[in-house]
Every structure is written in C-alpha cells, then in structure tokens.
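# Fold the following.
(2 chains)
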Amino acid sequence: MTSVGGRGRAPSLAGINVSRRLLRAILPGLSLVLVLAGIAWMNSRAISYFGINLMLNLAIPVALATIAQMFVITVNDLDLSIGNFVSFVACVGATWLHDNPPLGIVVLAAAVGVYALMGALIYLRNIPSIVVTLGMLFVWQGLAILVLPKPGGKPSPWLHDLMNLHPPYVPFPIVAAIIIAAVVHVGVMQTSYGAILRGSGGNPAAIGRAGWSLLKTKVVMFGLAGVFGVFSGLALIGLTTSADANIGRGYTLLSIAGVILGGGEFVGGRVSPIGAVIGALTLTLAGTLLNFMRISPDWQVGAEGAILIIVLAARALINK
Amino acid sequence: MPERDSSNIVTLNGVEKSFGAVRALAGVDFVVGVGECVGLVGHNGAGKSTLMNILAGTLDADTGEIIVGDQPQRNYSVAQAHMVGIRCVFQELSLCPNLTVAENTRVLHRAIAGFGWRTRAGRLILNQLDEIFPGHGITTDSVVGDLPIGKRQMIEVARAFTITDAPLRLVILDEPTSSLDAHRAGQLLSYVRRIIANGASCILISHLLREVLEYSDRIVVMRDGKVVTADRAQGFTRDKLVAAMGATAVAKTRSSESSSVRRGTTPVRVQARPTAQTDGLDLVAHEGEIVGLAGLAGHGQTELLLSIFRAADRPRRGRFPHSNQANLSPEAQVGLASVAPERSVGGSEARSRVQVTDPVALIAGDRQSDGIFPLWSIAENIGIRSIAALRKGFLVSPEQESAFAQRWQERIKIRTPDLRNNILSLSGGNQQKALFARALGSEAKILLMDDPMRGVDVGTKMEVYELIRSEAAVGRTFLWYTTEMEELENCDHVYVFRNGRIVADLRRDELSEERVIQSSFEEVTAP
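Residues are numbered from 1 along each chain as shown, chains lettered A, B, ... in the order given. Next up, the predicted model:
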C-alpha cells in the first residue's frame, strides 16, 4: 500500500527538479567563468595577481552594496537609495571619520539607525518600500553635498591600508569576496534565525502565525542593509582615496542587477548571498571585458544590460 | 456550561468579534474537553475560522473570556497559545515556500536553535511524517515550493503535531484533508484518534460531513457567528447536520434518476488520451455530458485537464485519429483542434493526443494562485473571461461589465452588498462562485473543473451542482476532476485515473464508491 501517491512518476519528477535547481545554482558561477574566459582570451596577461587586483578592486564595494540590497530584497522590498547612501557614507568617511573619528562613528551608526527605522516605517505604515527609499535617495544626496560640497577629503590611513593589502598568492579582492560571501551565507542561509528572516519574505503570514515578530525581521534586515551600505562606502574611499557626493551613484542599479544575476528573485525570499557576490564580480568584470573588446564607454552600459538580459533569459529557460 | 473546570482544555465564554460592520462572532461559548475530538461544522462565513483564529492567538477577540485549563488568559497571543499547547493547522497553508521542510519546522519551534538545528528539525518532522503518513516519500531538504499541494498539506499537518519544549494539548485542524486523497486523509484521521486516546484533544473542521461524523466525539454546529447546536456525534446524522447548518438546498442524489441523454447520441466535444496511456483508452466527452475524473489526488487528472485547455487555446486543424470518429457530427469535425502537448510528462514515448471542438473555460482548483485576480473587483473578476463581448469600440464598457456581473450574481447567488468591492472581501465559497460565474458566463461550451469545490460549504456545493446540471441540460459539457465521491454522483460518466493513466471507464449505472476505490488502488504492488 505504501506506493500509493504516484510513486511511479515521483523519481523522474524529483530528478528534474534537482537538476533544474542545480543548473540554477551554477548559472551565476558559469556567467562569471564565461566573462573571465573572455578576458583571458582578449588579454591573457590580465589573469595574474596584479591584473586581477586591478580589475576586481572596485568589485569589493559593489559586492558589499549588493549584499545590502539583497537583505532588503529578501523581505520583498527594494532599496532605491543604496547608491546615494554609499555616497553619503563615503563623504562622511573622507571627512569626519578622518578628522574626528568619534563624531564620524556616531554619524555612521546613526545612519544605520535611520535604515532600521525605515524598515519599521515600511512595516508599520504599510508603505511601499520604493516610495520610502525614493524619498531617502534625495535625503542622502542632500546630506552628502552638505558634508562634502566639492570632491575631495581623505580616508583614514587604516582604511587605505586595509583596502590595499597584498596577501600572498591570492589577490585581496578575491579573499574579500570569499569572506563576504561566506559570512553572509552562514548568517542568512545557515543560522536558525536566518531561516526566519528568509521565511518572512516567503510567507509573512506563516511567520507571524508561528509567533515571530515581523516588525523585528523587517528592522533587522534594513539595519543589516545599512551596515553593509556603510561597509561599501568605506571600502570605496579606501580604494579611491577621496570622495565626492556622487561617487556611488551607479550602485543602486548595479546592486539590484547583482542580486538578480546571482539567482535572487524580487519577491518570495529566494536569495543567495554567494550568488549575489558572484553577480557583483561578474558585473564589474563585464565592464573590463567590454573595455578590452574596445567597445566605447557609450555602449558599455547597454552591453552590460544585454548581459543581464541574456543571463535572466537563460534562467527563465531553466525554470520552464 | 462547565466553567473553570480543569477537565476542559479550553473554555471560551461570550466571545465576540466584528470586522467593520460585519459581525463574525456574536457571543460564542465553546468548550473542548481533555481527550476529546470536537467536530466543528457550519457554512462558509459561519464564523468557524474566526473562532479558531482567536483560539490560536492570531486574532484578538473584541470581548469574551479565554480559559485554558483553569487559567483565564490575559494578552493572549500566538506565543502564549503555543506555550500552553494549542496548535492550529490553518485552512490556507502556512508554510514558507522558499524554505526547506526542515526550515519550516524550525519556524514553529523556538527551541530548535544553535548548532545542528537543521538536523534536529529534520529528524523531528521526518519522524512525525513517518508516524502519521507512512510511505510519504518526502525528504527534509526539499524546498516546500517545489512540492505538490498534497505533500505540502501533509507537512503542515505533521508539523503541527511535532513537540519540542511546549506540550501538545490541543490541535485545531481547519480543513486538514482538503488537498489529501482518501488514503492520506484516512491515515491522518486515524492518527488523530490515536493521539486522542493518549489524552490530547482536537478540533476538526471539515466540509466532508462523513469525516466529522465518523471521527468526532462531539459535534458543534455554528451559524451566523453563533453556536446553534452541540451534541454527541452519535446524536447526529448527515441529514440532521445539514439541517442544523441551515443549508439552503437539501441533499439530492441523482442515482435514482436515469441519465437523460444516452451516450453516443450527441456529438463528441472532447477526446483526450493521457501521455502515459499505452492501451489506447481515451477520455471522451459528448455534448451535454458531465464527465468525472476520479482517482487519488495527483494521478494525472489535472495534467490531462490542462492539456485539454492548451489544446483549445491553440487550435489547429486536425482529425480524430481514434476509433470514436463515427460519433462526430460533420459540423464538429470541421472545427477540430488537434494538439500534441510539447512536454511529455515522465518521458514517455506515447504522446498525448487531445482534440477539442469548442471553446474551453477552466475553473482552477487553487483559487488563490490560479483563480482570482486579488487586486480586482468582483465584477472585473467575473467579466474577464468574456471581455471581448463586453467591449464598446476598443474599450471595455463598465456598464456592460457590471450588468453582466449583476446577472451572474443573481443566478449563482454571490453574497455581497456591492460587486464593485474587492474580490477578497468575499468568503472563500463566494470567491469560488465568482470563478464559476466567470466560466459559465463565457462563451465556452466545454468547462474544465480542477477539483474546484475544495473547502466549500455544503450549501454552496448544492447550489453549484444544481447549476452544473442545468447548464449540462442545455448542451454544455463538463469535465470534472474531483476527489469527493459525492460529487462523482453528479456525473454521467466517470474515468478513474492511476499513475497518469485511465484505468477504469465507468458508466453512471456502474458507478459506486467501491468501484472507484478499487480501481484507484489496484496493482499497487506491481512495479
């Protein structure tokens, strides 16, 4: 009697599901390998310790911003202000944090608090996150200009030293990417509260009915987004050695694209931290590849968009 | 009324709850004893679910008293309900589709945390599934969203019975068998009897009155937000229950009536062969027939309905390749659509052949995900299938749309003060009626029903059965997948499915519950 319930068909269906999931999981890595292969083919000298350092340096702040965006997307929201927030943090980091560290730390901590409050506001008043973060976009932009009206400033020496580490054998950007992906993967995908956080994106009602506070999950996720936004801004000025009020402007769309490229979905709590970091690396390297291919910068943004569409189309094909 | 009696697990006194102007509960007194299974029945909208939500802590009562054991509860919440041992399996599934089976188990248990939590959660749910549903075939690292609805319901039910730090004293089961086939439902209900023998209690809400009569110790009937009767289960019969619920139509079986149309005298409307079918047996439906698709849940019935739906969606000229061609009227042969679905399920060589002569409408089984447009009004939801007929020039005419919806509201009796209200303002049964109105109001001559009456109350069912029969009498064809025997009795012809194939072809006079069950379970030992 035990084979009742369509067992005859079950193994093949399960097999299809498993291989589909596997394909989906390796798709981000595959796109990264393809872009890397393209770069190696165009310019084999680029695949060296210093070449990779140079190409991937700026991927670190992008990866951090992408992780910040991923936290927000996990709970079915979207953060349109992350790029301007990164600019604001960079401006604070290049001025107050350098000149008056305690003040800088307080300001950055308060900025993270504002992010957490944004989460609370979105949950309590049931306002679309797009509206709230669109508003905050202008707030951060204005504050960044107030802090640093002209490009300039200087990062703290420790920040500069950290971002210019030269570990043996493996270039720093790769070490950093692995650490970021591993830490966030363990936190979100492996811990027991991480399951609750993701669940609150998958079926908020179910999480609420099990007695968990949805306000808390929202605040935690937006707070974490703020923390990683701060990391992103600081990493950025550690590399560029100065800041301006528009330094992180492209990050909003890059971070959304990175999350989606890495296998995340806009709704339903389906995200992957490892995929998101890989997505950020892929997008950064895609720019380099296009440079090597002598595609003029005017066309590069469009070409990056085309890469995104191709990968998403491949994913839709797998899901079918 | 035994108050503060420790032989009761919960006592509710004078509970009231209103949503805006709607009074959902008008002073309910309700008691569950230790080691007792209480059956709770009533129409959709009688207040059962609201009452259970209050008991589970997910809703606050406006007034009234909740006593657990002999402790009156203050600031009663979900966490508190869990602590005192009250669990609830909600009517709509409460699993997170993006999490695995083990992770969903963790969601219910705060105690499962720290190193190795995933393994512990997995073991907990697996043991429980093994105990309730032997041979369930579920692995704990499967993502819930990838599983069919029947398995999801099994997981949700099993999860409610898992125990960590808090005791288990009362489980509320709100339509727990709506997505389970008869075999799994039987396993669950006999498990419920076992835990009751061990001193736990249960509240069973089901629209399958047979289940309630058979498995409850006591039955409570609710109507219009009040308890109208409560008595030992032996004191009730099916008819008595239906009468107490105030069903608007009285149960009427057609088994005595002879089929009005003899098979083969009207043209064939649908001919379809499942992909896995190797012996040449076809599903055939004639004009004016109600054809039932029976068998255990998930054995290929829905897939066949969907392939019929797709075949009608992309009509191509073709011919019936099979034997029943003689039955076709010449007119029908002209407009034939012949489509072989591109995806062959299970990799079988045999391709499903489906022919459809007329427009088709599908009434989906999963109302929330495949049926309603949640942001639209009731009228828009009803009119969408007939939008071409409701046009004025290039635009949809709101007047025609609302007149159309009005007409169907009267015919099918959708209970709402205003059709411009959002569809979600309707109770579940009335939402389903709106979906029937959408399909019946369209030009479709063939209606495919994918077990659409899940969790719908008896009164609504009777009204819809009546409507289906009257529409069939004027020449419409119904293909009706259902897991309920009662519904098959409305059919002129029943095909029983097993493992994606048709295994029995029963005429109305051959139809009996034994025959259907027998065919559904035959050869289960064969590879």
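
# Send over stretch A:188-205 as CSV, restricted to the C-alpha atoms.
What follows is stretch A:188-205, C-alpha atoms only, in CSV (Å, rounded to 0.1, in the frame of the first residue of the first chain):
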residue,chain,number,x,y,z
VAL,A,188,21.4,34.2,6.4
MET,A,189,21.3,30.6,5.0
GLN,A,190,22.7,28.5,7.9
THR,A,191,21.6,30.0,11.2
SER,A,192,18.2,29.2,12.6
TYR,A,193,17.2,32.9,12.8
GLY,A,194,18.3,33.3,9.2
ALA,A,195,15.6,30.8,8.2
ILE,A,196,13.0,33.0,10.0
LEU,A,197,14.4,36.1,8.1
ARG,A,198,14.1,34.4,4.7
GLY,A,199,10.7,32.9,5.7
SER,A,200,9.4,36.4,6.4
GLY,A,201,9.9,37.1,2.7
GLY,A,202,8.5,33.8,1.6
ASN,A,203,5.2,33.8,3.6
PRO,A,204,5.0,36.6,6.1
ALA,A,205,1.6,35.4,7.4
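
# so how far is it from its chain's centroid?
Put simply, stretch A:188-205 sits 18 Å off its chain's centre (Cα atoms, centre = their mean, to the nearest Å).

# ok, A:Leu148 touching A:Ile247?
No: look at A:Leu148 against A:Ile247 with Cβ atoms under 8 Å: they stay out of range, at 9.5 Å. Where C-beta positions appear, they are placed from N, C-alpha and C, glycine not excepted.

# Mutual contacts of these two, please.
In terms of Cβ atoms under 8 Å, 6 or more residues apart in numbering or on different chains, A:Leu148 and A:Ile247 are both contacted by the residues A:Cys91.

# Would you mind measuring from whichever residue of the stretch 351-500 of chain B sits closest to chain A to B:Asp366?
At 4.5 Å from chain A, B:Asn499 is the closest residue in the stretch 351-500 of chain B, using Cβ to the nearest Cβ. Distance of B:Asn499 to B:Asp366, computed by Cβ to Cβ, to the nearest Å: 22 Å.

# Those two: which has the busier surroundings?
B:Asn499 (20 against 14; other Cβ atoms under 10 Å in any protein chain shown).

# per-residue pLDDT, the residue of the stretch 351-500 of chain B closest to chain A?
B:Asn499 is assigned a predicted lDDT (pLDDT) of 79.

# Over to B:Val339?
According to the prediction, B:Val339 has pLDDT 40.

# and what of the one 4 residues further on?
On pLDDT, B:Arg343 comes in at 39.

# who's in contact with A:Ala90?
Taking Cβ under 8 Å, 6+ apart, we find A:Ala90 in contact with A:144, A:233-234, A:236-237, A:243-244, A:247-248.

# give me the element it is part of.
Assessed by DSSP states H and E, A:Ala90 sits inside helix A:82-94.

# For that helix, the averaged confidence score.
For helix A:82-94, the mean confidence score works out to 96.

# how about that helix as CSV, C-alpha atoms only?
Extracted in CSV, the C-alpha atoms of helix A:82-94 (Å, rounded to 0.1, in the frame of the first residue of the first chain):
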residue,chain,number,x,y,z
ILE,A,82,21.6,52.5,-1.6
GLY,A,83,23.7,54.2,-4.2
ASN,A,84,23.2,57.6,-2.6
PHE,A,85,23.6,56.2,0.8
VAL,A,86,27.0,54.8,-0.2
SER,A,87,28.0,58.3,-1.5
PHE,A,88,26.9,59.8,1.8
VAL,A,89,28.9,57.3,3.8
ALA,A,90,32.0,57.9,1.5
CYS,A,91,31.7,61.7,2.2
VAL,A,92,31.4,61.2,5.9
GLY,A,93,34.3,58.7,5.8
ALA,A,94,36.5,61.1,3.9
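
# next helix or strand past it?
The first helix or strand that comes after helix A:82-94 along the chain, using DSSP H and E, is helix A:96-99.

# buried ones in that next one?
For helix A:96-99, burial by neighbour count (16 or more other Cβ atoms under 10 Å in any protein chain shown) applies to A:96-98.

# mind listing what the residue nearest to the spatial centre of chain A touches?
Closest residue to the average C-alpha location of chain A: A:Thr66 at 0.9 Å, with Cα atoms, centre = their mean. A:Thr66 is in contact with A:254-255, A:258-259, A:262, A:276-277, A:279-280, counting by Cβ under 8 Å, 6+ apart.

# And A:Ser255, by the same measure?
Taking Cβ under 8 Å, 6+ apart as the test, what A:Ser255 contacts is A:62, A:65-66, A:68-69, A:79, A:82-83, A:280.

# sorry, back to before: skip the chain neighbours and tell me the closest residue to the residue nearest to the centre of chain A.
A:Gly258 (3.6 Å; Cβ to Cβ, 6 or more residues apart in numbering or on different chains).
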